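Visitor: build me a model from this:
(2 chains)
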Protein chains: 2
Amino acid sequence: MTDHAVVFTPSGRRGRFAAGTSLLAAARALGADLDSVCGGRGICGRCQVAVQPGEHLKLGIASTAEHLTPLNAAEARLEARGRLVPGRRLGCQAGLCGDVVVDVPPEHQVHRQVVAKGVDARPIALDPVVTLHHVQVGEPDMHDPRSDAQRLREALAAEWGLEGLRLPLPVLAGLQAALRKGGFAVTVAVRQRRDIVAIWPGLVESVQGVAVDLGSTTIAAHLCDLSSGAVLASAGAMNPQIRLGEDLMSRVSYAMMNAGGAAELTQAARGALGALLAELAEKAGIAPERIVEVTLAGNPVMHHLVLGLDPVELGAAPFALAEDAPLDVPARELGLAIAPGAFVHLLPCIAGHVGADAAAMVLAEAPHRDDPVTLLVDVGTNAEIVLGSRQRLLACSSPTGPAFEGAQITAGQRAAPGAIERLRIDPATLEPRFKVIGCDAWSDEPGFDAQVTGICGSGIIEAVAQMHLAGILRHDGSLDGGLAERSPRVREEYRSFTYIIREDAPRIAITQHDVRAVQLAKAALHAGAKLLMRRFGIAAPDRIKLAGAFGGHIDPLHALVLGLIPDCPLEAISAVGNAAGHGARIALLNAAARTEIAEVVRRIEKVETAIEPDFQQEFVAAMALPHATDAYPNLARHVTLPPRRSAPRRRLR
Amino acid sequence: MTDHAVVFTPSGRRGRFAAGTSLLAAARALGADLDSVCGGRGICGRCQVAVQPGEHLKLGIASTAEHLTPLNAAEARLEARGRLVPGRRLGCQAGLCGDVVVDVPPEHQVHRQVVAKGVDARPIALDPVVTLHHVQVGEPDMHDPRSDAQRLREALAAEWGLEGLRLPLPVLAGLQAALRKGGFAVTVAVRQRRDIVAIWPGLVESVQGVAVDLGSTTIAAHLCDLSSGAVLASAGAMNPQIRLGEDLMSRVSYAMMNAGGAAELTQAARGALGALLAELAEKAGIAPERIVEVTLAGNPVMHHLVLGLDPVELGAAPFALAEDAPLDVPARELGLAIAPGAFVHLLPCIAGHVGADAAAMVLAEAPHRDDPVTLLVDVGTNAEIVLGSRQRLLACSSPTGPAFEGAQITAGQRAAPGAIERLRIDPATLEPRFKVIGCDAWSDEPGFDAQVTGICGSGIIEAVAQMHLAGILRHDGSLDGGLAERSPRVREEYRSFTYIIREDAPRIAITQHDVRAVQLAKAALHAGAKLLMRRFGIAAPDRIKLAGAFGGHIDPLHALVLGLIPDCPLEAISAVGNAAGHGARIALLNAAARTEIAEVVRRIEKVETAIEPDFQQEFVAAMALPHATDAYPNLARHVTLPPRRSAPRRRLR
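Guide: Numbers count the residues shown, from 1 in each chain, chains lettered A, B, ... in the order given. This next block holds a predicted model:
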């Protein structure tokens, strides 16, 4: 029997097959990446290929469209409906009758790269966790009393080589109706060739998944198409647990102090998650049942609460996690009404204070794949800090407290319209100018018409940094009261000094207490980073990435002026946005990434700041603001740091 | 280093081990069956052995108690508490210092035989599905942030060689509290070396399971100790689905005709099952959480309803089952509050009308292990019929209708106090005498003081059979009106004849209609058996076993007189009680039995009576009552069958 050569691009897989062999069969035999849902019935249109005509000298092939069997009825039908690109062929219908070189366009590959819209986000390679399989199931027969499930299994084995699949009860419960509605043709969603997660009548060509970043303050979620990787809808919500406790530790206390408190927190988180999934499905115009997978990243307390695990052990030393391994939990066990057999995948936790969110951040930024040493920081009430490179990775968390979120600051507020987010102080006059969220103009520009309501985290960082640069603060953080004579902005109040940003109600000022709170927060973060640097044996990281919603708003220069982060070339400091969310999306779209991050997390060296004697020392040292004689060579290239000045000793009262 | 010989009885396993090796370690190395829960800590007392002193010439061993290390503190402690039988040793504490022959008493073997209390029930070999493993888990440490689950996994791997166990969320949720309550020593219940089903603080030495026979009328359940096999408690309940439909088909109709009807039936079944489990735990004085496994047998409609599968397809041809394979379903998915990770194992279904109850019956009676050909019948509204031997097995069901349950019979009632269950008719006088449930005396004996309320299934069978033997019935089932002249017991009413058993209110009589109902029922059963016999190629079975509560009450002789079953030596007909329940108990206690029955069910030849042309023919033939010229040689040895007589042709009206 004659056989013909076929070469698939871009994979380069090649082989020889008997005349008449379909291109899909050839691709499968060669392991060339070519999609298919209907299993070769010519109805899904997912296996499109394009013949590359011409003399391919290197390959020794004279390729032409005539070397395939002519366009058939199935292809003509799809082409007429606009679902087969003219000039292309269906791999399952086109048979070999000569040598050909065929290209598989990216959208017809299963494993392809998806470039995210976000700024720094690295492209995601698709490696679907859930695949679709259209099968024609044998009809029941009085002469053969095998069950519908049995006949389904046989069809999946015969048509797709899928054997020993688990068929959970909630999926089984819909089987008979789906078979009869679909005339015994159904599409089966299979997870990792092991679990059946849904069965639909007829042909279903796409399914979706949702990546969730479950933060203590906000929950952010993206609904993605699992075969294209495209984000179809995004949504966010406040974490309703806030009404039971503002920050993590107060929620842990709530669980400890109230009978049923943990369950209440769990219900709140699951309820919000469920509502978010429903909102996403509606936004994207899909049925919630089409959501077949959810990935979830969150800090350890959120991770435990959404799972229904009591977080009480996380509230006190030794901060023992119930579980740190990556988990696959049936979505129905979390009360989520999506595909009946869908799973929620939780990324692994790193340590008692370094959660699945940090793991997701590592997955997104992949410091473990690079040679330069990266310092990766997610700033929150606990800063999660990762330092390392291909060589080794270290992680710790540091209790920054709520100052960076605007809490416990006199005029502080959350980042919302009306909040000062940028601020400059004229060193000569000590006069401030500022920018407010919701208004494009600066306060001294025409068109500034903002209602000022307070100052948010990034505003506070800039205010304290600018006060330092303007000489209002000494390097130990004390306000220089002597300046009260030069400017009405510096004023003595309640036996200490205050810098007034704005007099009109609501008055906005930075008090000595506020400066101390910022110092404590930045010292905690800096000391954590220093601890890891010392362990790693480096004096400075090669680059710094600031993650999280807040990280994206911090101005790197001001962060350096404040001493929030170690000295580093300004151009090597970047904000990477919601890295945890991006990591969750990678885990959603790429099965191999789950294995990768689980392995990376296992070898991360976990450092517990609470018991490191070095940490206290670094912490005390990091309280001071960088000054002219400090080792901040990179920062010194951009600003003139004030001289080293401490407050005069107070009289004993 | 010196080594010593050890021989274990009854297994006969022998080997040589270094001095000091514990008997438990030696037993494990040799694969000798010796129990242990605490893993060699000397606290569970499950590894007791007895030295067999003396010269064992055949084995070449001089065995003496002095060839073991002396009784140690752990053993003395257990002995003082009465938990170590004097003279015995703990296998984990006694070390070899000479040659010994040691006996493992039955109660310290994992795999032993349990003899059931029931009459014909075959002994059950123990092969536990769930095993207990006591482990000492490492305590959490700030220097080592591994989770509690991780440390548990490590302990299970190190101490018991158990790896890759699944730890479901509801079990994980209790882990941290159990560890802390038990001082980081816990007992882990592991199912088939794969799933963790429960974790308890400290040492737990026994767990229980429940075998359930979920009938359409009654639910029967036995709570068994999984390590001893003993039945600790039994309970039964009416199936509350009855209020939604008397028989199976009316329940299927209810599900079809009412929105949410199937869910309502499911809730009723699960609710009753849950209540029964709670009742059993209370009766046995155990916490419901100690129930770690449930096995369940039921007909296809019950099987589907308890799983939450809509039974609608079972209501009409081709009677397609949703699932027929054996299933392991998390108990929590059925709303059962037992051990958090417990499973419910459902035996496989054989066909659309031959359910998991029939499979359990086959497992209990094991016709597939014997050479004689057994006819196995479970009589209900559907008779489930199995015929065969080691060679081959056939199964069918036959629609007997509710007559045998006393339904649709003029004076019929369920088997309950007040119901006539035995009846004799004097052929000379046509006077009846009877026995009533709840009273030991016959109606013509002194001391008879029963309140008679009706007649139950077995009473109806005897009544019709006795009417036949007394000549009141012709062989075609018609009442001989001519006898009305001879006895006031035979009376014309509503244009047909009736036999009066009792005149006083409530009057109890057998009408022509009642006789016809019994004939239809017995013909269905007999025709089903005949169909299988013809397929098998035999004229008569070697033995007949009648299963089910009803089967136990049928008198074999009267069953033969009626032609309910094929002719067979009377002594080869037996009642086997609740065989389905016994099969569920075997599956509960013996893991291998589950594999066995699944394989047997796969090779059973399923016969669908509804489409067999032979069945209709057999059915019509089986309507008649056996008469003198019929081929009932075995029956003829015991009674004189009446001559062949048909009713005179009626006048056309």
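Visitor: pLDDT score assigned to the spatially most central residue of chain A?
Guide: Nearest residue to the geometric centre of chain A (C-alpha atoms, centre = their mean): A:Gly581, 1.8 Å. On pLDDT, A:Gly581 comes in at 92.
Visitor: off-centre distance for the helix or strand where it lies?
Guide: Using DSSP states H and E, A:Gly581 falls within helix A:579-589. Distance of helix A:579-589 from the chain centroid (C-alpha atoms, centre = their mean, to the nearest Å) equals 4 Å.
Visitor: is the very next helix or strand once past it in proximity to chain B?
Guide: Using DSSP H and E, the helix or strand that follows helix A:579-589 in sequence is helix A:591-603. No - Helix A:591-603 stays clear of chain B (C-beta under 8 Å from any C-beta of the partner chain), getting no nearer than 9.8 Å. C-betas here are computed from N, CA, C, even on glycine.
Visitor: A:Glu293 is in what secondary structure piece?
Guide: strand A:291-298.
Visitor: what angle do strand A:291-298 and the helix or strand following that strand make with each other?
Guide: Next helix or strand after strand A:291-298 toward the C-terminus (DSSP H and E): helix A:300-307. Relative orientation of helix A:300-307 versus strand A:291-298 (axes from the mean of the first three to the mean of the last three C-alpha atoms, to 10 degrees): 150 degrees.
Visitor: next one: A:Ile461 relative to A:Arg543, how far apart?
Guide: 20 Å (C-beta to C-beta, to the nearest Å).
Visitor: got it, and A:Pro427?
Guide: Taken as C-beta to C-beta, the span from A:Pro427 to A:Arg543 is 30 Å.
Visitor: equivalent analysis for A:Ala527, please.
Guide: From A:Ala527 over to A:Arg543 (counting by C-beta to C-beta), the distance is 20 Å.
Visitor: pick out whichever of the two has more residues nearby.
Guide: A:Ala527 (25 against 18; other C-beta atoms under 10 Å in any protein chain shown).
Visitor: where in the stretch 51-200 of chain A is pLDDT low?
Guide: By pLDDT under 70, the low-scoring segments of the stretch 51-200 of chain A are A:114-122.
Visitor: mind running it again at 50?
Guide: The model of the stretch 51-200 of chain A has pLDDT under 50 over residues A:118-120.
Visitor: what parts of it come near chain B?
Guide: Counting by C-beta under 8 Å from any C-beta, the residues of the stretch 51-200 of chain A that sit close to chain B are A:140-143, A:145-150, A:167, A:169-170, A:172-173, A:175-177.
Visitor: give me the angle between the strand holding A:Glu293 and helix A:591-603.
Guide: 20 degrees.
Visitor: for A:Ala255, give its distance to A:Glu313.
Guide: 11 Å.
Visitor: report the closest residue of the stretch 351-500 of chain A relative to chain B.
Guide: When scored by C-beta to the nearest C-beta, the stretch 351-500 of chain A has A:Ala351 as its residue closest to chain B, at 3.5 Å.
Visitor: any idea how far that residue lies from A:Val130?
Guide: For A:Ala351, the distance to A:Val130 equals 31 Å [C-beta to C-beta].
Visitor: please apply the same query to A:Ala575.
Guide: 33 Å.
Visitor: quick one: mean pLDDT over stretch A:318-334.
Guide: 96.
Visitor: how's chain A carved up into domains?
Guide: Following automatic domain parsing, one gets these domains for chain A: A:3-108, A:124-201, A:208-346, A:361-398+A:517-636, A:403-512.
Visitor: so which of those domains comes closest to B:Val110?
Guide: domain A:124-201 (28.4 Å; C-beta to C-beta).
Visitor: show the end-to-end separation of that closest one, please.
Guide: End-to-end distance for domain A:124-201, by C-alpha to C-alpha, to the nearest Å: 31 Å.
Visitor: name the next helix or strand downstream of the lowest-mean-pLDDT helix or strand in chain A, please.
Guide: Lowest by mean pLDDT, DSSP states H and E among the helices and strands of chain A is strand A:113-114, with a mean of 71. For strand A:113-114, the following helix or strand on the C-terminal side (DSSP H and E) is strand A:124-125.
Visitor: and the next helix or strand past that next one?
Guide: strand A:130-136.
Visitor: strands paired with that next one, and their directions?
Guide: Partners of strand A:130-136 in the sheet, by DSSP bridges, are strand A:185-191 (antiparallel).
Visitor: who's in contact with the strand it pairs with?
Guide: Here strand A:185-191 makes contact (C-beta atoms under 8 Å, 6 or more residues apart in numbering or on different chains) with A:37, A:129-137, A:152, A:156, A:162, A:165, A:178-179, A:196-204, A:207, A:292-293, A:339, A:341, A:343.
Visitor: give me the nearest residue to the residue nearest to the centre of chain A, chain neighbours excluded.
Guide: A:Asp213 (3.8 Å; C-beta to C-beta, 6 or more residues apart in numbering or on different chains).
Visitor: for that neighbour, list each beta-bridge partner.
Guide: A:Ala220, A:Ala297.
Visitor: enumerate every residue touching A:Glu159.
Guide: For A:Glu159, counting by C-beta under 8 Å, 6+ apart, the contacting residues are A:39, A:133, A:135-136.
Visitor: quick one: it is in a strand?
Guide: No - per DSSP: H, G, I helix; E, B strand; the rest coil, A:Glu159 lies outside any strand segment and is helix.
Visitor: which residue packs closest to the residue of the stretch 351-500 of chain A closest to chain B, ignoring adjacent ones?
Guide: B:Pro145 (3.5 Å).
Visitor: same question for A:Pro128.
Guide: A:Leu226 (5.5 Å).
Visitor: and if you look at A:His67?
Guide: Closest residue in space to A:His67, ignoring its immediate chain neighbours: A:Gly98 at 2.9 Å, by C-beta to C-beta, 6+ apart.
Visitor: next one: that neighbour relative to chain B, how far apart?
Guide: Between A:Gly98 and chain B the distance is 47 Å, computed by C-beta to the nearest C-beta, to the nearest Å.
Visitor: and that residue, its phi and psi?
Guide: Main-chain torsions, A:Gly98, degrees, to the nearest 10: phi 180, psi 180.
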